[in-house]
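Chemist: Take this sequence and fold it.
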Amino acid sequence: MTTAPITRRGYMLDISRDRVPTSKTLRWLVTEVLAPLGYTQLELYMEHTFAHAGHDDVWGKASPLNAQEMRELDDLCAEHGIDLVPNQNVVGHMERWLQHDRLRHRAERPDLEEPTTLAPTPENAAFAQELLEGLTATCRTQAVNIGGDEPWELGTGVSQEDCEQRGLGTVYAEHLARIAAPWCDRGYRVQMWADVLEHHPDNAALLPDGIEPIVWIYESPTMLKRVRDPRAIPDSEVNRGLADGFARRLTPLIARGMAPWAAPGTGAWNSVAGRTANAWENIADAARALVDCAPPAGCERGGLLLTHWGDHGSWEPYVLQVVPLAYASVLARDPHGATQAQAHELAARIIGDAELKSVLDLGSLDTLLPLTALNATLLGHVFLGIELTEHDRPRADQTAAARKVIERVRARHAGAESGHAADLLQVADLADLCLDAATGPVPQSRIRQVLEGQRRAWSRTSRPGGLDDALQRPALMRR
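Modeler: I've put the predicted structure just below:
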């Protein structure tokens, strides 16, 4: 079955969870990965990693991109037919801003130890405009991503009474409209995450024309069926309907005449090793839903936005992103007919046959071991220091199979990015933590060794700001 290709193909890279790529790495990403794979859009997800004027206390230690670097990246993207879309979250995920006393009054819950959400006030809408003006000035594309996802504290503080009287969805949509309207009026396409909107669909009418909601799901249907522990999928508005896939979430927005984007994930974050089987099915679900859920006559189809997050300090090497990027490329061209073999051939041209084999080996580990949570693998959780229950523990044969893969990659690619990932996993496993109950803690010498290895690997691709924070995130490293 052949279907029309998805022409709007984007990639969003999180550069706010500590790891900010060097200019050299960004050039590699644009010229050697995205352009050959036929991508048309790049977004760098930012919270505090752009050098906004007057806010050096927020970004000073993060090695952020400055305006000149963004302009140079924009020029590079334009040379290769790629739109660099400025991406600045301006509602939730603002903890790096709100931790500063001079900004705490902007929080929905300034009483919290670590507030994350800006209150939905006209003053904060004006503050959002200030941030967006500075960033959009560096890019020629008439598009901007204003974020808006996961406003965890909304309706529990400053806006509580208003939300109780008029509804959280109404208050949220009106605030996003205040932020988006000036950009829509200037002819911009304004992207925003759809997780709140999906559960308050009637409030879509409050948003201005020009809004492009982004629907995200990062798990494949198969993976969701394999998760044995119901704690892994908490019953919340964000997770409700997750197992039904992209079609269920896209359809109501398309019916309202909107052009939603579908955002699957690389699946690599919280894994150290990647999750290639999950990535393929997740991306395929998104691409097929986009082409099967036809928009009303005269309405534009949305796009495919592959996302890579950096939860808990971006410990995963950049090379792990290449295979999912190739998956999204072939699936965008032929959502129902593309094959993994086609994608692997494209990925091998970028990273070579040997590194591809190691990446695929590492990416298979999550299929060999039990699954305990969304957006993670068992070894990733162990590495982060999340305690396993007896229910979570793999059988001896599963552990043995995983160790063989890790050792094979270490032997084949010592010193390469995939080899370093295998080293990290070896510290998480090899009977040093809790996969074998009879063993003791990881020796400090091993921890020091892996920390130094991460410093070396980081310095090859990323800026120094954020490294020390990243090294402290896994509980394993704080022992």
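
Chemist: how far away is E79 from A137?
Modeler: Look at E79 and A137: by Cβ to Cβ, to the nearest Å, they are 20 Å apart. (Each C-beta comes from the backbone N, C-alpha and C, glycine too.)

Chemist: ok, now H52?
Modeler: Taking Cβ to Cβ, one finds H52 at 11 Å from A137.

Chemist: Have a look at the two and say which one is more surrounded.
Modeler: Just comparing H52 and A137: by other Cβ atoms under 10 Å the higher neighbour count belongs to H52, 21 against 11.

Chemist: Check what pLDDT the more buried one gets.
Modeler: You'll see H52 listed with a pLDDT of 98.

Chemist: Got the phi and psi for it?
Modeler: Main-chain dihedrals, H52, degrees, to the nearest 10: phi -70, psi 130.

Chemist: likewise S459?
Modeler: Per degrees, to the nearest 10, the backbone of S459 is at phi -70, psi -20.

Chemist: And the one 3 residues further on, by the same measure?
Modeler: Note on S462: its backbone torsions stand at phi -130, psi 160 [degrees, to the nearest 10].

Chemist: Does it touch R19 like I think?
Modeler: Yes. At 5.0 Å, S462 and R19 qualify as touching, with contact defined as Cβ atoms under 8 Å.

Chemist: so what's in contact with those two at the same time?
Modeler: S314 (Cβ atoms under 8 Å, 6 or more residues apart in numbering).

Chemist: give me the element the residue nearest to T461 when sequence neighbours are not counted is part of.
Modeler: Nearest non-adjacent residue to T461, counting by Cβ to Cβ, 6 or more residues apart in numbering: T25, 4.6 Å away. Using DSSP states H and E, T25 sits within helix 23-28.

Chemist: hmm, back to that, more neighbours, S462 and R19?
Modeler: Remark: of S462 and R19, R19 carries more neighbours, 26 against 22, as counted by other Cβ under 10 Å.

Chemist: Distance-wise, check that one relative to A354.
Modeler: 25 Å.

Chemist: Repeat that for N124.
Modeler: Applying Cβ to Cβ, the value for N124 to A354 is 51 Å.

Chemist: now W216
Modeler: For W216 relative to A354 (Cβ to Cβ), the value is 33 Å.

Chemist: between those two, who's got more neighbours?
Modeler: W216 (22 against 13).

Chemist: phi, psi of the more buried one?
Modeler: phi -120, psi 140.

Chemist: Okay, and the beta partners of it?
Modeler: On the basis of DSSP bridges, W216 is bridged to A263.

Chemist: Next one, pLDDT for it please.
Modeler: pLDDT at W216 comes out at 95.

Chemist: tell me the contacts of it?
Modeler: By Cβ under 8 Å, 6+ apart, the neighbours of W216 are 149, 193-195, 263-265, 307.

Chemist: What segments of the stretch 351-479 of the chain are strands?
Modeler: Counting by DSSP state E, counting those that start in this stretch, the stretch 351-479 of the chain has no strands at all.

Chemist: how much space between the residue positioned nearest the centre of the chain and Q342?
Modeler: In the chain, the centroid-proximal residue (Cα atoms, centre = their mean) is W309; its distance is 2.5 Å. From W309 across to Q342, the span is 26 Å (Cβ to Cβ).

Chemist: Leaving out the residues flanking it, which one is nearest to R102?
Modeler: D57 (7.8 Å).

Chemist: just checking, the one you found touches H100?
Modeler: Yes. Using Cβ under 8 Å, D57 is in contact with H100, at 5.8 Å.
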